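Chemist: build me a model from this:
(2 chains)
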Amino acid sequence: MKRKLQAFAILLVFGVLKLPLEQRVTHDLRTMHLVDAPLHLGVKGNMGQMGLAAAFGGLRGLIATIFQLRAHVEFTRVNWAQVDKYYGFVTELQPRNARYWEEASWHMAYNAASYYLYNKELKPALRGQLFHDYVQRGTDILKEGLKLMPDNARLWQKLGDLHWNRSKDFKASGDAYLNSFQHGGLNFTERFAGFAYAQSNDPASWAKGYAILKKLYDEKKATPGLIEFLKMLEQNLHIPAVQRIPDSAPVRQTPDPQAGPLR
Amino acid sequence: MSQASPSSAAAGVAPVRFSPKRVWTLAYATMTQLMRMKILPFLLLFCALVAAMGFGFSTINPEQQLSQFKTMSLGVLQVFSIVFGIVATALLLPKDLEDRTLYTILSKPVPRFDYLLGKLLGVLMLIASGLVIIDAVLSLILWLQQSMLLNAAVSQLHSENQDSPEAVAQMREIVARQGLTWNLHWAVWAIFLKAAVVTTVALLLSCIASSTLFTIVITFCITIIGHGHAMIREFVFQPNLGSTATRISTFLLAAICPDLAQFDVVDSVANGEIVPWAAVYEMTGIAALYMTVYLFVTHLVFVEKEL
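Modeler: Numbering: from 1, shown residues only, chains lettered A, B, ... in the order given. Down below sits the predicted model:
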């Protein structure tokens, strides 16, 4: 009996001593992005996350993958509501995995939206409405992901792509690309921010776009596209002739790549 | 007035010391005993399953396919190692009692601590061997798949006239990050550490409990609680939450259970995160600490156990 009491006492003393150590190790692993930190989702959201973490333990990734496979099956059946539902589970199980947010958004804003846009069985007005709704759903998914990971360059880039390719909101696209670049995105995102601002219908955005593209030009990072947009902005912003770049705008050899969902 | 124990008083026999060789013999015997439980065919089946999974996933993009493969394989590996650790350990003591092997061993000059350590090492050696084999198969398949998917993705970019150096470099970077890296082996190491801690807890419970089923069920419960340990701890550290009774019971739970979520790096590895050496040291250190203390407590319980 004496040894059993000793064992219990040791277990308790160790239990007390280990708590701060566990707290420190968990903090370190969270700092290294290896262990998920609790999300700031409010009481209800946190309860859900706590339940999921406790119920599935270290198997949340596995379960998320199973749901993702289910979503893929529904994608092949062109059942968009189910795809959205399953990706909802996936992103709830793995909220810090940017890839899942990106894929969920891609399915809605590209696949589902295009499916309805080109569906000849539907009336034209309904096709346009559904296209718009699904593009908006894709945008919302990315924005939801960005609330949890505001410094994720990849999600910002995808939001920029989405605004550029689908909603044609070039100001929002430019902002998203610029955010991507400022959060460590690839170099082309800065150039794309300039291109997007150049295509917007807002003079303040033109000025932003001009500043970005001129800086890249001065840094000898000019591409044919960059020169073309820079020439366009010089004209739109009435830049004095002496400050204009000496290059002439390149002549387009290919059809307009913008032909797409709005054609 | 203190009284010398009969064994030490008898003919002045020197106390039997800890012997690594003896522990090794016991561990090897335990491993052989477990191998006879048809573990190898199960391992082969698992390897075949991993191989099939590697090429069976849908391909939307290479990154998704590689990540799915890693998540599924590592997740299944985690389940395999924990279930095996708990069940094998829970069966060991009752089986030795039933076969009377325990009496044969302990009637010889074998300290009970050596016996316990030998049993634990035997189970851990078998788990480690299984994980090494599966890790090798997993790495091979991932490497093959990585090369195949990269070639396919680059040729697709080429056929769509999208193979700008930036696009190809981005694709290469994504595939390399999701492909075979050292991080995969660290994830397997983390799985082993978690299984080792759970196995030690199972050994402790099997010394306390009288039935195998009780050991298995309670160890599974502790495993589940262990994954939510960070949240329990946060509750304990909040001064104004819950009644006193709730706080005391929560504190006891936090004190007794190990924090198993510290070894949950699998999801991050599957997402392409890099595991630094500091993280490996911390995980290994805390696992070693859990195992040492739980084994010592197990020894204190077992040394007094009526057999």
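Chemist: secondary structure element for residue 176?
Modeler: As the question left the chain open, I've gone with chain A. helix A:170-182 (DSSP states H and E).
Chemist: think we crossed wires, I meant chain B
Modeler: In this structure, B:A176 sits in helix B:165-178 according to DSSP H and E.
Chemist: could you check how far that helix is from the centre of its chain?
Modeler: Mean C-alpha position of helix B:165-178 versus that of the full chain (CA atoms, centre = their mean, to the nearest Å) differs by 33 Å.
Chemist: now for the residue of the stretch 151-263 of chain A found nearest chain B, how many residues are close by?
Modeler: Nearest residue of the stretch 151-263 of chain A to chain B (CB to the nearest CB) works out as A:F188 at 5.6 Å. Placement of C-beta: from N, CA and C, glycine included. Taking other CB atoms under 10 Å in any protein chain shown as the neighbour definition, A:F188 ends up with a count of 18.
Chemist: before we move on, what about A:K85?
Modeler: Residue crowding around A:K85 was assessed by other CB under 10 Å; the count is 15.
Chemist: what's the helix or strand in which it is found in contact with?
Modeler: Element membership for A:K85 (DSSP H and E) is helix A:80-93. With CB atoms under 8 Å, 6 or more residues apart in numbering or on different chains as the test, helix A:80-93 has contacts from A:48, A:52, A:56, A:60-61, A:63-64, A:67-68, A:70-71, A:74-75, A:97, A:100-101, A:103-104, A:107-108, A:111-112, A:115, A:134, A:137, A:141, A:144-145.
Chemist: and the residue nearest the centre of chain A, how far from B:V275?
Modeler: Among the residues of chain A, A:L155 comes closest to the average C-alpha position under CA atoms, centre = their mean, at 2.2 Å. A:L155 is 23 Å from B:V275, where distance means CB to CB, to the nearest Å.
Chemist: by mean pLDDT, flag the weakest helix or strand of chain B.
Modeler: Taking mean pLDDT, DSSP states H and E as the measure, chain B has helix B:6-9 as its least confident helix or strand, at a mean of 44.
Chemist: quick one: buried ones out of the contacts of helix A:80-93?
Modeler: Neighbour counting over the contacts of helix A:80-93 (16 or more other CB atoms under 10 Å in any protein chain shown) leaves A:52, A:56, A:60-61, A:63-64, A:67-68, A:70-71, A:74-75, A:97, A:100-101, A:103-104, A:107-108, A:111-112, A:134, A:137, A:141, A:145 as the buried ones.
Chemist: which residues in the chain form helices?
Modeler: The chain I'm using is chain A. Using DSSP state H, the helices found in chain A span residues A:2-31, A:42-56, A:60-76, A:80-93, A:98-106, A:113-117, A:124-148, A:153-162, A:170-182, A:188-199, A:203-218, A:224-236.
Chemist: oops, chain B please
Modeler: B:6-9, B:20-35, B:39-56, B:62-99, B:101-107, B:112-159, B:165-178, B:182-208, B:212-227, B:229-237, B:244-256, B:266-270, B:277-303.
Chemist: the residue nearest to the centre of chain A reaches A:E102, doesn't it?
Modeler: Yes: taking contact to mean CB atoms under 8 Å, the distance of 6.6 Å between A:L155 and A:E102 places them in contact.
Chemist: name the residues contacting each of these two.
Modeler: Applying CB under 8 Å, 6+ apart, one finds that A:L155 and A:E102 are jointly contacted by A:142, A:145.
Chemist: how long is stretch A:180-199 end to end?
Modeler: Using CA to CA, to the nearest Å, one end of stretch A:180-199 lies 19 Å from the other.
Chemist: would you mark the buried spots in it?
Modeler: For stretch A:180-199, a neighbour-count test (16+ other CB under 10 Å) marks A:180-181, A:183, A:185-186, A:188-199 as buried.
Chemist: what's the nearest residue in chain A when you look at chain B?
Modeler: Chain B sits closest to A:G15 of chain A, with a gap of 2.4 Å, by CB to the nearest CB.
Chemist: pull the number of nearby residues for that residue.
Modeler: Under the neighbour criterion other CB under 10 Å, A:G15 is assigned a count of 18.
Chemist: can you tell me the closest non-neighbouring residue to it?
Modeler: Here the nearest residue to A:G15 in space, its sequence neighbours aside, is B:A255; by CB to CB, 6 or more residues apart in numbering or on different chains that works out to 2.4 Å.
Chemist: can you get me a residue count around the one you found?
Modeler: By the other CB under 10 Å criterion, the neighbourhood of B:A255 contains 18 residues.
Chemist: how about the one 5 residues further on?
Modeler: As a burial measure, B:L260 scores 27 neighbours (other CB under 10 Å).
Chemist: how much space between it and chain A?
Modeler: Using CB to the nearest CB, to the nearest Å, one obtains 7 Å as the distance from B:L260 to chain A.
Chemist: also B:L66?
Modeler: Separation of B:L66 from chain A (CB to the nearest CB): 11 Å.
Chemist: ok, the residue lying closest to that residue once chain neighbours are set aside - contacts?
Modeler: Spatially, and ignoring its direct neighbours in sequence, B:L66 is nearest to B:Q178 (4.0 Å; CB to CB, 6+ apart). When contacts are counted by CB under 8 Å, 6+ apart, B:Q178 is found next to B:62-63, B:66-67, B:70, B:146, B:272.
Chemist: ok, A:M149 next?
Modeler: Under the criterion of CB under 8 Å, 6+ apart, the contact list for A:M149 reads A:96, A:98, A:155.
Chemist: which bits of the stretch 151-263 of chain A sit near chain B?
Modeler: Residues of the stretch 151-263 of chain A lying close to chain B by CB under 8 Å from any CB of the partner chain are A:186, A:188.
Chemist: could you redo the last one with a cut-off of 10 Å?
Modeler: The interface of the stretch 151-263 of chain A toward chain B, taken as CB under 10 Å from any CB of the partner chain, is made up of A:154, A:186-188, A:254.
Chemist: local confidence estimate at residue 198?
Modeler: Unless you meant another one, I'm taking chain A. A:A198 carries a pLDDT value of 91.
Chemist: meant chain B actually
Modeler: pLDDT, the model's per-residue confidence, is 95 for B:V198.
Chemist: how much space between it and chain A?
Modeler: Remark: distance between B:V198 and chain A (CB to the nearest CB) = 11 Å.
Chemist: shaky segments in chain A?
Modeler: Applying pLDDT under 70 to chain A picks out residues A:1, A:37-58, A:249-263.
Chemist: now for the residues of the stretch 151-263 of chain A next to chain B: which two are most distant?
Modeler: Greatest spatial distance in those: A:R154 and A:T254, 28.2 Å, computed using CB to CB.
Chemist: look at these two and report which has more neighbours.
Modeler: When A:R154 and A:T254 are compared for neighbours, A:R154 comes out ahead with 20 against 6, by other CB under 10 Å.
Chemist: so how far is A:L216 from the more buried one?
Modeler: 21 Å.
Chemist: ok, the closest residue to B:Q170 other than its chain neighbours - contacts?
Modeler: Distances taken as CB to CB, 6+ apart place A:L186 nearest to B:Q170, at 6.6 Å, with adjacent residues excluded. By CB atoms under 10 Å, 6 or more residues apart in numbering or on different chains, A:L186 lies in contact with A:153-154, A:157, A:180, A:192, B:166, B:169-170, B:173.
Chemist: same question for A:L142.
Modeler: In this structure, A:L142 makes contact with A:98, A:101-102, A:104-106, A:108-109, A:152, A:155-156, A:158-163, A:176, judged by CB under 10 Å, 6+ apart.
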